[in-house]
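[1] Fold the following and give me the result.
(chains A, B, C and D)
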There are 2 protein chains.
Amino acid sequence: MKNPIEHLNKIFDNRVRLGVMSTLMVNEEINFNDLKQLMDVTDGNLASHLATLEEHGYIKVHKGFIGRKTNTTYSITKAGEKSFKEHIEALENMIRGIR
Amino acid sequence: MKNPIEHLNKIFDNRVRLGVMSTLMVNEEINFNDLKQLMDVTDGNLASHLATLEEHGYIKVHKGFIGRKTNTTYSITKAGEKSFKEHIEALENMIRGIR
DNA sequence: ATTGCTACTTTGTATTACAAAGTGCTTTTT
DNA sequence: AAAAAGCACTTTGTAATACAAAGTAGCAAT
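    Below is the predicted model:
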């Protein structure tokens, strides 16, 4: 018998971070407010999860403008993509194990 | 754009509970010590996660013996199977979304 | 000058996770 | 018979995590 969870990444256990990462896998970039609505969290809560992902080097921030309004967008890094793919693979292996 | 995590079950966010459930999906029953070694957790920690799963009606406990030694085994309930399958489906949909 | 928006940071609290120690029961060893 | 050990917890205490709510800085619109 083998441990089905040993290769899962602890950072991605959290649903908000998991959601952000999987959203960033298919969107070149997303801004703060769209992400906030998408995940249905408070702005403070989102900010802290984004900070965690950034501290781990999984996402990067880009502060820009739309017209004259500030617009902060987030995108996945190479390292983030790699780590997330490994996590997904671990999930798939776990799922494969139950079939 | 849609929320990739809305159908995930919060109880299964935790890696130990996720591991226990996915192990019980493919094993009719497992005893406490095997589960403890498999998940690599302390006995107290495992006991508390098992209690959470039991409180939610996802697993059931069977206290038995092997020869003369006590042997507590755990198995998945119908409800647990249903909820876990739904969680897996939600995960698969999320994964499908990133491809 | 006030209001509003964005993207936070700070503060405080509740929840969760965990290790370690303790417990009750039984069995095995000496 | 006494001591040690195993099982499956429960209890206790602590650290980490998650979260809401309020506060903040900078800029824009009214």
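
[2] what are the ranges of the strands in chain A?
    A:30-31, A:59-66, A:69-76 (DSSP state E).

[3] Output these in TSV, with distance to chain B and mean pLDDT appended to each entry.
    All C-beta atoms are positioned from the backbone trio N, CA, C, and that covers glycine. Shown next, in TSV, are the strands of chain A (distance: least, CB to the nearest CB, whole Å; pLDDT from 0 to 100):
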stretch	distance to chain B	mean pLDDT
strand A:30-31	8	98
strand A:59-66	15	96
strand A:69-76	11	97
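
[4] Give the buried residues for stretch A:28-38.
    Buried residues in stretch A:28-38, defined by neighbour count with 16 or more other CB atoms under 10 Å in any protein chain shown: A:29, A:30, A:32, A:35, A:36, A:38.

[5] State the pair within those residues that is farthest apart.
    By the measure CB to CB, A:29 and A:36 form the most distant pair in the buried residues of stretch A:28-38, at 14.7 Å.

[6] which outside residues touch stretch A:27-37?
    The contact list for stretch A:27-37, computed with CB atoms under 8 Å, 6 or more residues apart in numbering or on different chains, reads A:20, A:23-24, A:38, A:42-43, A:46-47, A:50, A:62, A:71-75, B:1.

[7] of the buried residues of stretch A:28-38, closest to DNA strand C?
    Taking CB to the nearest atom of the strand as the measure, DNA strand C lies nearest residue A:32 of these, at 3.3 Å.

[8] Leaving out chain neighbours, which residue sits closest to the residue most central in space within chain A?
    Centroid-nearest residue in chain A: residue A:21, 2.1 Å away (criterion: CA atoms, centre = their mean). Among residues not flanking residue A:21 along the chain, residue A:84 sits closest, at 4.9 Å (CB to CB, 6 or more residues apart in numbering or on different chains).

[9] Is the one you found in contact with residue A:59, as I believe?
    No - if you go by CB atoms under 8 Å, residue A:84 and residue A:59 don't touch, sitting 10.0 Å apart.

[10] Count the residues that sit near residue A:70.
    Residue A:70: 10 surrounding residues under other CB atoms under 10 Å in any protein chain shown.

[11] So what sits opposite it in the bridge?
    residue A:65 (DSSP bridges).

[12] That one and DNA strand D, how far apart?
    Relative to DNA strand D, residue A:70 is positioned 6 Å away (criterion: CB to the nearest atom of the strand, to the nearest Å).

[13] what does residue A:65 give?
    8 Å.

[14] What is the neighbour count of that residue?
    9.

[15] For the residue nearest to the centre of chain A, list the residues it contacts.
    By CB under 8 Å, 6+ apart, residue A:21 lies in contact with A:12, A:53, A:58, A:59, A:76, A:80, A:84.

[16] So which of those is the closest to DNA strand C?
    Proximity of these to DNA strand C (CB to the nearest atom of the strand) peaks at residue A:59, which lies at 10.6 Å.
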